[in-house]
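Asks: From the sequence below, what's the structure:
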Amino acid sequence: MADLFQDDPHAAQPEPIREDAPLADRLRPQSLGDIIGQDHLTGPDGGIGRMVAAGKLSSMVLWGPPGTGKTSIARLLADAVGMRYVAISAVFSGVADLKKAFAAAEKAREAGQRTLLFVDEIHRFNRAQQDGFLPFVERGTVTLVGATTENPSFELNAALLSRAQVMILHRLDAEALGSLLNRAEALEGPLPLTAEAREALVASADGDGRFLLNQAETLYNARIPEPLGPAELGSFLQRRVAVYDKDREGHYNLISALHKAVRGSDPQAALYYLARMLTAGEEPLYLARRLVRMAVEDIGLADPNALVQCNAAREAYEFLGSPEGELALAQACLYLATAPKSNAVYKAQKAAWRSAKETGSLMPPMNIVNAPTKLMKDVGYGKGYTYDHDADEGFSGDNYWPDEMEPQTYYQPVERGFERKVRERLAYWDKLRSDRQ
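Replies: Numbering: from 1, shown residues only. Predicted coordinates for the structure are as follows:
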């Protein structure tokens, strides 16, 4: 058999892993049992585990985020059932490569050997190329295993999907990523990180095991003498952001004073600093933009009309020009300075952005995700959704947070201005939600 395929460029040839290979390659799983974080597929009760136990594979599409083990699973599947493994990438391969792979698979089949054809990034093949797989899959010439990070419902032909099972891989959670780091440390030694920095490194991977191992390898190669904390780790692994040019110090001093006078509800001082900047030749539209920023940062929903006033002032200036249009800017400035203040929206935005970065790509609960295709309905998308307009009081009280995440409180309105009414409304909904749960 070895002679039959020695000239086949597609046939995978086992070769020892070099000592200077990347860390991710040296930690490559050697069996399906070594795959981390996908037990729902590779375990004894999983779809892949059952097929391996039976010794017979069906064509399948592995759908999941980057760095979750799609390529490793395909390679190990072939080993587990004694199939010939052929790997191509839709990024680098064309029709000619596919024809060669199919021809070699036909020869192998005649010799009694089955072929697992792994197609990475299968969604990058166009519709016609995807149709080209159909006869070879139907005849059993190849068992197709495709890998994709994109939703197969939208990216793959219905005919191809009907002949393949879709296996959904999960993003790696903190426990799985921690296990990967444990394997790396067993091979290379302890990472030069404090416990807190290690947690930060895991969080930064956003479920991508390959990215995590690449970051760990960077740390090993740097030969850092003392363990890094979270701040030092961030500085080491991330590029610095360019610093603003501060040659015009007076400009920044005055805009800071204007902003703080508005925030401090001193309309006289605010108008003074606005005048200082305009009479010094500051670009009026720059000030209009800063006033809009103040409206959303320091007033927000305490007076939703503040943003309307600032946008209207900008339009008025653009319509009238100087000096008449500057009166509109003065009006907006005074409106902001005399409005009730709240930074609740600003704080909520900061907290939500921070939380989004920390939690990465967590899936929303299945009942509130859309299910436009049959495949998505079959795997549970949209199941159990409650239409709020049909519920008592127009409020279902459902949970809208990812299963792996506790509900958070970002927005906390103050007891001033319009936000007092918002606060009452939120308290009412909280009571309804508590009663119904």
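
Asks: what's next to the helix ranked longest in the chain, contact-wise?
Replies: Longest helix of the chain, by residue count under DSSP state H: helix 419-436. Residues lying outside helix 419-436 but in contact with it, judged by C-beta atoms under 8 Å, 6 or more residues apart in numbering, are 300-302, 340, 342, 344, 393, 395-397, 413-415. Bear in mind the C-beta positions are built from the backbone N, C-alpha and C, glycine included.

Asks: Which residues in it does the neighbour count mark as buried?
Replies: Buried residues in helix 419-436, defined by neighbour count with 16 or more other C-beta atoms under 10 Å: 419, 422-423, 432.

Asks: By neighbour count, which of the contacts of helix 419-436 wins?
Replies: residue 300 (29 neighbours; other C-beta atoms under 10 Å).

Asks: Need the pLDDT of the spatially most central residue of the chain.
Replies: For the chain, residue 361 is the residue whose C-alpha lies nearest the centre (C-alpha atoms, centre = their mean; 3.9 Å). On pLDDT, residue 361 comes in at 85.

Asks: Distance check, it against residue 153.
Replies: Separation of residue 361 from residue 153 (C-beta to C-beta, to the nearest Å) stands at 18 Å.

Asks: before we move on, what about residue 118?
Replies: Taken as C-beta to C-beta, the span from residue 118 to residue 153 is 21 Å.

Asks: Enumerate every residue touching residue 129.
Replies: So residue 129 contacts 90, 95, 98 (C-beta under 8 Å, 6+ apart).

Asks: can you do 6 Å?
Replies: The contact partners of residue 129, by C-beta atoms under 6 Å, 6 or more residues apart in numbering, come to none.

Asks: and if you look at residue 344?
Replies: 411-414 are the contacts of residue 344 under C-beta under 6 Å, 6+ apart.

Asks: got CSV for these, with secondary structure and distance to residue 39 too?
Replies: Shown next, in CSV, are the contacts of residue 344 (DSSP: H, G, I helix; E, B strand; the rest coil; distance: C-beta to C-beta, whole Å):
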residue, secondary structure, distance to residue 39
411, coil, 37
412, coil, 40
413, coil, 44
414, coil, 47
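
Asks: that older thread, looking at the buried residues of helix 419-436, which is nearest residue 113?
Replies: residue 432 (64.0 Å; C-beta to C-beta).

Asks: and the longest helix of the chain, average pLDDT?
Replies: 92.

Asks: Distance from the chain centre to that helix, please.
Replies: Remark: helix 419-436 is offset 31 Å from the chain centroid, using C-alpha atoms, centre = their mean, to the nearest Å.

Asks: do stretch 202-209 as well
Replies: 10 Å.

Asks: Residues in contact with it: which ones?
Replies: Under C-beta under 6 Å, 6+ apart, the answer for stretch 202-209 is 65-67, 171-172, 174, 177-178, 180, 211-212, 358, 360-361.

Asks: Looking at those residues, which are in helices?
Replies: Using DSSP H, the contacts of stretch 202-209 in helices are 174, 177-178, 180, 211-212, 358.

Asks: Can I get the residues you listed in TSV including pLDDT and distance to residue 201?
Replies: Output for the ones in helices among the contacts of stretch 202-209, formatted as TSV (pLDDT from 0 to 100; distance: C-beta to C-beta, whole Å):
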residue	pLDDT	distance to residue 201
174	93	11
177	96	9
178	96	10
180	95	11
211	92	10
212	94	7
358	86	13
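
Asks: And the furthest pair within the residues you listed?
Replies: 180 and 358 (18.8 Å).

Asks: Which one's more surrounded, those two?
Replies: When neighbours are counted by other C-beta under 10 Å, residue 180 and residue 358 differ, and residue 180 comes out ahead with 22 against 12.

Asks: how near is the more buried one to residue 167?
Replies: The separation that residue 180 has from residue 167, given C-beta to C-beta, amounts to 21 Å.

Asks: of all the contacts of residue 344, which comes closest to residue 267?
Replies: residue 414 (20.2 Å).

Asks: List phi and psi for the closest residue to that closest one other than its chain neighbours.
Replies: Closest residue to residue 414 apart from its sequence neighbours, by C-beta to C-beta, 6 or more residues apart in numbering: residue 342 at 4.6 Å. Torsion angles at residue 342 (phi, psi; degrees, to the nearest 10) stand at phi -160, psi 130.

Asks: Confirm for me that residue 342 is in contact with residue 298.
Replies: No. In terms of C-beta atoms under 6 Å, residue 342 does not count as a neighbour of residue 298; the distance is 7.7 Å.

Asks: Just the pLDDT for the closest residue to residue 132 other than its chain neighbours.
Replies: Nearest residue to residue 132 in three dimensions, chain neighbours excluded: residue 98, at 6.2 Å (C-beta to C-beta, 6+ apart). Here, the pLDDT recorded for residue 98 equals 91.

Asks: And residue 98, which helix or strand is it part of?
Replies: In the assignment (DSSP states H and E), residue 98 maps to helix 95-110.

Asks: any idea which helix or strand comes after that helix?
Replies: Next along the chain from helix 95-110, counting by DSSP H and E, comes strand 115-120.

Asks: orientation of that following strand relative to helix 95-110 in degrees?
Replies: Angle, strand 115-120 to helix 95-110, by axes from the mean of the first three to the mean of the last three C-alpha atoms, to 10 degrees: 160 degrees.
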